[in-house]
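>>> please find the sequence and the predicted model below.
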Amino acid sequence: MFRSNNYLNMIKTSLKTLPVYKFSIFDKISGIEHFVTTREFGSKKDSIGGFNLSYKVNDEVENVNNNRSVLAESVGVKSTDLFIPVQTHSSRAVIINSANDQEKLDNTDALITCRKGLCIAVMSADCVPVLIYDYKNRIAATIHAGWKGTVDRIVEKTIQTMVDKLGAEPKNMIAGIGPSICDKVYEVGNEVAEQFTVFEEQIKNRIVLSHVNPQKKYLNLQYANRHQLLSLGIKDENIEVANICTFTNHSIFYSARYFKNNCGRFATGILIK
């Protein structure tokens, strides 16, 4: 049904006055809204400032509250209907059913919903944000996958929850892998690289890379998470990977590695209308 060409530059647009990026494959679907926010909004222009959405960085609570209110208004929901989890690099995915489900957000890195009018989002600053939507059964998910979540297969666990609990079908799913740190710059130590032995050796060699110096290891988290999407039955042509590295595009997106973790967080989310 879809032809994403897999690796594409995202669509730069806006929700009202809020600058966002969108996946072309999601933009073709009616009845949903989706977004990837940027740093390019707000009055503060330091590494934290701009449009930071996290309470866990060195930012004023009032500024974060205001940014979240702006995001909710831009998407077209009340602030109480915007769900952003308290992320801990876990592999926990929860289902959001109503505005009363805010209490589910602790220690969570993936959100799922089939309810209209509830906007679910995750935050990131180098880690991989993943959007999934079953366009026939109208079930959405948003996932935060750092290297720990990737090793723990958070994408697979989220999709399995969608299937087991809500009746989703991978054959009807589209997926977007958002802006994140790329393998050209994401150097890791051997202790991290060795964690990826959970992947088949042939696949691992595409995830743990040695570009020039064989003593140095680099991770391709986008490939690792795309592999998980494919392994669960999502069609290759239904997966779009943003051709954007947060580290090299740190003026647009927050990058924890570039700013030595002294930075804000952007959000990737979806709303079923």
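Everything's here; your move. Numbers count the residues shown, from 1 in each chain.
>>> what's the burial count for Asn262?
Counted with other C-beta atoms under 10 Å, residues neighbouring Asn262 total 12. The C-beta positions use only the backbone N, C-alpha and C, and glycine is treated the same way.
>>> quick one: the strands in the stretch 1-150 of the chain?
For the stretch 1-150 of the chain, strands defined by DSSP state E, counting those that start in this stretch occupy the ranges 7-8, 11-15, 18-22, 32-37, 82-83, 93-95, 110-113, 119-124, 128-134, 139-145.
>>> in TSV: those strands, plus mean pLDDT, mean neighbour count and distance to Ile272.
Shown next, in TSV, are the strands of the stretch 1-150 of the chain (pLDDT from 0 to 100; neighbours: other C-beta atoms under 10 Å; distance: least, C-beta to C-beta, whole Å):
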stretch	mean pLDDT	mean neighbour count	distance to Ile272
strand 7-8	58	14	23
strand 11-15	96	14	16
strand 18-22	97	21	16
strand 32-37	98	24	6
strand 82-83	98	23	12
strand 93-95	98	21	13
strand 110-113	98	26	7
strand 119-124	98	27	9
strand 128-134	98	27	8
strand 139-145	98	28	6
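>>> distance to Glu60 for those - can I get that in CSV?
Putting these into CSV (distance: least, C-beta to C-beta, whole Å) gives the following:
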stretch, distance to Glu60
strand 7-8, 36
strand 11-15, 24
strand 18-22, 20
strand 32-37, 18
strand 82-83, 19
strand 93-95, 28
strand 110-113, 25
strand 119-124, 17
strand 128-134, 24
strand 139-145, 23
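>>> of those strands, which is nearest Leu219?
Across those, Leu219 has its closest neighbour in strand 128-134 (10.2 Å, C-beta to C-beta).
>>> which elements pack onto that closest one?
strand 32-37, strand 139-145, helix 154-166, strand 173-177, helix 221-231, strand 266-272 (3 or more C-beta pairs under 8 Å, 6 or more residues apart in numbering; DSSP states H and E).
>>> would you list those in TSV and tack on distance to Ala193?
Shown next, in TSV, are the helices and strands packed on strand 128-134 (distance: least, C-beta to C-beta, whole Å):
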stretch	distance to Ala193
strand 32-37	28
strand 139-145	17
helix 154-166	19
strand 173-177	21
helix 221-231	12
strand 266-272	26
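>>> picking that back up, out of the strands of the stretch 1-150 of the chain, the one nearest Tyr218 is which?
The nearest among the strands of the stretch 1-150 of the chain, by C-beta to C-beta, is strand 128-134 at 14.6 Å.
>>> that closest one pairs with which strands?
Here strand 128-134 is paired, per DSSP bridges, with strand 139-145 (antiparallel), strand 173-177 (antiparallel).
>>> tell me which residues are up against the longest one.
For strand 139-145, contacts defined as C-beta atoms under 8 Å, 6 or more residues apart in numbering pick out 32, 85, 87, 89, 93, 109-114, 120-124, 127-134, 149, 154-155, 158-159, 162, 166-168, 221, 225, 268-272.
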